[in-house]
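[1] build the 3D model from these lines:
(2 chains)
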2 protein chains.
Amino acid sequence: MKHNFGAGPCILPQEVFHQAADAVLDFNGLSILEVSHRHKDFVAVMDEAIDLVKKALHVPEGYSVAYLQGGASLGFTIAALNMMRDTKKAGYMNTGTWASGAIKEAKKVGIDVNVFASSEDKKFSYIPKDYSIPSDADYIHFTSNNTIYGTQFHAFPSTHLPLVCDMSSDIFSKEINVADFDLIYAGAQKNLGPAGATLYIVKDEVLGKSTSPFMPTYLDLKQHVEKESMLNTPPVFSVYVAMLNLRNLMANGGVKAMEAKNNAKATMLYTEIDKNPLFNGSVAPEDRSKMNVTFTLNDEAHQAAFDLLWKSADIVGLPGHRSTGGYRASMYNALPLESVQVLVEVMREFTRKNG
Amino acid sequence: MKHNFGAGPCILPQEVFHQAADAVLDFNGLSILEVSHRHKDFVAVMDEAIDLVKKALHVPEGYSVAYLQGGASLGFTIAALNMMRDTKKAGYMNTGTWASGAIKEAKKVGIDVNVFASSEDKKFSYIPKDYSIPSDADYIHFTSNNTIYGTQFHAFPSTHLPLVCDMSSDIFSKEINVADFDLIYAGAQKNLGPAGATLYIVKDEVLGKSTSPFMPTYLDLKQHVEKESMLNTPPVFSVYVAMLNLRNLMANGGVKAMEAKNNAKATMLYTEIDKNPLFNGSVAPEDRSKMNVTFTLNDEAHQAAFDLLWKSADIVGLPGHRSTGGYRASMYNALPLESVQVLVEVMREFTRKNG
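    Okay, here's the model as predicted:
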């Protein structure tokens, strides 16, 4: 078995892969790929996939869950359109590539964006802390985990304004208080399921209140919630596998247990990075992501030797994003502690040989 | 094996289901569900999925193919936004539920829609023939096959204006001349692959010419074409299975062979409907769809008996759309002639018992 440290689409539990493969061949007598989304058996899947999100994240009354398509990239637009109110202003935090994308798309639909906090000055290597949240805004937007740079909010911004978060790369990795948010959205392809579905958790009060003159039906969350994620044909297989994965999550202690496991993995790898003289962590220690661990070699001349070593240990997906270089060990929920142990041992062996 | 006459998501070749299940367990050492879309192995899949569309439909030079998400419902908006030019007017043909949806979404983004032909007067039971296409329009839009009502254009509208078509339910079922169109779009979940991907075939001249003041990046076809369908994480598994299905299509004689098979299936079933005194075809004979055959019982009192009979023959997916009632036998590419034979025999047996 390979140790898949890829940043996403990423590892899911092996059991889920087997159940998914079984359903491609036989889901109540048909392939899951040829089942009508209106068939009661798939309606039950969608209902369960929604219900399990509510259970896993203790989603309070007054919130709805929906599965859409288009990824967080379309989510940037959907968030801005659905949260637009009288001021048409919004406060955004710029903590990396995806946060920048969210800002760009909000502007494109006519939001007057106030970037009140940014870590662009230091190549997004930290999470801004000294900032004041604007008071005249329809909503505040941030990105909880920065997959590319390897930073993560360990405390969320506090505001009385509606709070919106792109949680694509750390949702289900730790406990959160959904009631703090008006809208959470997340591409499925990290801790939820395969690519092709996008999750929205929205306060019901938000729905139907947009002041945008432009609102295509597909971009209106109210429509999706009212149609129970069946406004049109949903991404059947992606939702089915998300349901399997959420079942697996709940059977293994839920988000709380996953958080403990993720903490253990992060501690193990960051401890090695800090102790090992040949490696450097890439970001401010207090803002280190538990999902995407970015690090570099002290001496780039060692790269070929290190690459050879981890590849020979059946590790895959370790190179950093093409925009940053270096290394990135993504450690989503399904990555076993044993895989992190293998990586740490490779780093130690590398240092014994080259230190 | 079941005889799946479902309207979509629908039957695909059994071989494709087996190959897809295999890849969920092992795609070059990983599950296809955990492979990065940036991995060279998946980039090759996307390239092949695009190339096979070009081969299957003889897409001429000067056209691009892209895979997006959101289904034809988001396609309604994307088509209108990308085709909008100076007049901001467009001519639409209203031949059913999906055509009506396209009209609604075009209006929502500011298109002045001229519905120059409609079959709404007779519950969409025919394809309009006497109409004049407006000359002052940015583009003309129609829906080639009406999945719900069971009508199909057997000759396409002829115009010097840019022609746009939602081909969701009959693309790859018969030969077409792509050069007649500026934009073709289609949800994957009929003859292309599983739900979750949407195909666009666009004349390159169209790209980047929109006059819409509103153009989110995800809705801009130019962006998707330039990024080779990797603007953001694509629906990896849906594209992979589409590629498998297109390989299967090409290995079995391509679209031309499929058209012959579909003609044979349609002839077989419509002949029985016309001969059998207990059944009626639902739409004008000259406009009958070869994909979705809609019919009713002469005497609705017979419904329970007929339902019992076809269900006992392992037929599934035969009830008509919830908005129309009656029956609908969808006969997409992958449905074998043998399944149609089984249905015809059931109809004959029913008539022997009840006629």
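
[2] any idea how far chain B is from A:A106?
    Note on A:A106: its distance to chain B, by C-beta to the nearest C-beta, to the nearest Å, is 10 Å. All C-beta spots, glycine's among them, are computed from the backbone N, C-alpha and C.

[3] buried residues, whichever strand or helix holds that residue. List them.
    A:A106 belongs to helix A:97-108 when assigned by DSSP states H and E. Across helix A:97-108, burial judged by 16 or more other C-beta atoms under 10 Å in any protein chain shown covers A:T97, A:W98, A:A99, A:S100, A:G101, A:A102, A:I103, A:E105, A:A106, A:K108.

[4] let's have those in CSV, adding distance to B:E349 and pLDDT.
    CSV is the format used below for those (distance: C-beta to C-beta, whole Å; pLDDT from 0 to 100):
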residue, distance to B:E349, pLDDT
A:T97, 63, 96
A:W98, 60, 97
A:A99, 64, 98
A:S100, 65, 98
A:G101, 60, 98
A:A102, 61, 98
A:I103, 65, 98
A:E105, 58, 98
A:A106, 62, 98
A:K108, 60, 98
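
[5] and those, which two are furthest apart?
    With C-beta to C-beta as the measure, no two of those lie farther apart than A:T97 and A:K108, at 16.7 Å.

[6] isn't A:T143 up against A:S100?
    No: between A:T143 and A:S100 there is no contact under C-beta atoms under 8 Å: 9.2 Å.

[7] picking that back up, list the contacts of the helix holding A:A106.
    A:72-73, A:76-77, A:79-80, A:90, A:92-94, A:113, A:115, A:124, A:141-143, A:146-149, A:166, A:168, A:323, B:214-218 (C-beta atoms under 8 Å, 6 or more residues apart in numbering or on different chains).

[8] put the alpha carbons of it into PDB.
    Presented in PDB, the C-alpha positions along helix A:97-108 are these (Å, rounded to 0.1, in the frame of the first residue of the first chain):
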ATOM      1  CA  THR A  97      -4.200  31.500  -3.200                       C
ATOM      2  CA  TRP A  98      -7.700  30.400  -2.500                       C
ATOM      3  CA  ALA A  99      -8.500  33.400  -0.300                       C
ATOM      4  CA  SER A 100      -7.300  35.600  -3.200                       C
ATOM      5  CA  GLY A 101      -9.600  33.700  -5.600                       C
ATOM      6  CA  ALA A 102     -12.500  34.300  -3.300                       C
ATOM      7  CA  ILE A 103     -11.700  38.100  -3.300                       C
ATOM      8  CA  LYS A 104     -11.400  38.200  -7.000                       C
ATOM      9  CA  GLU A 105     -14.800  36.500  -7.600                       C
ATOM     10  CA  ALA A 106     -16.600  38.600  -5.000                       C
ATOM     11  CA  LYS A 107     -15.400  41.700  -6.900                       C
ATOM     12  CA  LYS A 108     -16.600  40.200 -10.200                       C
END
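
[9] and the following helix or strand past it, what other elements does it pack with?
    Next in sequence after helix A:97-108, counting helices and strands by DSSP H and E, comes strand A:112-118. Where contact means 3 or more C-beta pairs under 8 Å, 6 or more residues apart in numbering or on different chains; DSSP states H and E, strand A:112-118 is packed against strand A:89-94, helix A:97-108.

[10] for stretch A:125-136, buried residues please.
    Buried residues in stretch A:125-136 (16+ other C-beta under 10 Å): A:S125, A:Y126, A:I127, A:P128, A:I133, A:P134.

[11] other SSEs contacting the helix ranked longest in chain A?
    If you go by DSSP state H, chain A has its longest helix at helix A:254-275. Secondary-structure packing of helix A:254-275 (3+ C-beta pairs under 8 Å, 6+ apart): helix A:40-56, strand A:279-281, strand A:292-297, helix A:337-354.

[12] quick one: contacts for A:N354?
    A:N354 neighbours (C-beta under 8 Å, 6+ apart): A:L278, A:H302, A:A305.

[13] which stretches of the stretch 151-300 of chain A have low pLDDT?
    Applying pLDDT under 70 to the stretch 151-300 of chain A flags no residue at all.

[14] ok, residues contacting stretch A:11-30?
    A:1, A:4, A:31-33, A:35, A:41, A:193-194, A:237, A:240-241, A:244-245, A:248, A:332, A:334-335, B:2, B:4, B:17-18, B:20-22, B:24-25, B:31, B:33-34, B:316.

[15] from those residues, which ones fall inside helices?
    A:41, A:237, A:240-241, A:244-245, A:248, B:17-18, B:20-22, B:24-25.

[16] which of those residues count as buried?
    A:F237, A:Y240, A:V241, A:L244, A:N245, A:N248, B:F17, B:A20, B:A21, B:V24, B:L25.

[17] out of these, who's nearest B:T198?
    Of these, the one sitting nearest to B:T198 (C-beta to C-beta) turns out to be A:F237, at 14.8 Å.

[18] for the closest one, what are its contacts?
    A:A20, A:V24, A:I32, A:L33, A:P194, A:G196, B:P194, B:A195, B:G196, B:F237, B:S238.

[19] are any of the residues you listed buried, and which?
    The buried subset of these - by 16+ other C-beta under 10 Å - is A:A20, A:V24, A:I32, A:L33, A:P194, A:G196, B:P194, B:A195, B:G196, B:F237, B:S238.

[20] format the residues you listed as CSV; extra columns: distance to A:I50.
    Rendered in CSV, the data for these read as follows (distance: C-beta to C-beta, whole Å):
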residue, distance to A:I50
A:A20, 19
A:V24, 22
A:I32, 18
A:L33, 21
A:P194, 17
A:G196, 17
B:P194, 20
B:A195, 17
B:G196, 17
B:F237, 21
B:S238, 21
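
[21] between those, which sits nearest B:K265?
    The closest of the buried ones among the contacts of A:F237, once distances to B:K265 are taken by C-beta to C-beta, is A:L33, at 21.0 Å.

[22] quick check, the closest one in contact with B:P9.
    Yes: taking contacts as C-beta under 8 Å, A:L33 lies within contact range of B:P9: 6.7 Å.

[23] report the set of residues contacting both of these two.
    Shared contacts of A:L33 and B:P9 (C-beta under 8 Å, 6+ apart): A:V236, B:P194.

[24] circling back to that earlier point, now do the longest helix of chain A against helix A:337-354, angle only.
    Here helix A:254-275 runs at an angle of 0 degrees relative to helix A:337-354 (axes from the mean of the first three to the mean of the last three C-alpha atoms, to 10 degrees).

[25] helix A:254-275: which residues count as buried?
    Those would be A:G254, A:V255, A:M258, A:E259, A:K261, A:N262, A:K265, A:A266, A:L269, A:Y270, A:E272, A:I273, for helix A:254-275 by 16+ other C-beta under 10 Å.

[26] thinking again about what came up before, and which of the buried residues of stretch A:125-136 is nearest chain B?
    Closest approach between the buried residues of stretch A:125-136 and chain B, by C-beta to the nearest C-beta: A:S125, at 22.6 Å.

[27] excluding residues flanking it in the chain, which one is nearest that closest one?
    A:V283 (4.6 Å; C-beta to C-beta, 6 or more residues apart in numbering or on different chains).

[28] excluding chain neighbours, what is closest to the residue of the stretch 251-355 of chain A found nearest chain B?
    Nearest to chain B, among the residues of the stretch 251-355 of chain A, is A:G317, at 6.5 Å (C-beta to the nearest C-beta). Among residues not flanking A:G317 along the chain, A:G6 sits closest, at 2.9 Å (C-beta to C-beta, 6+ apart).
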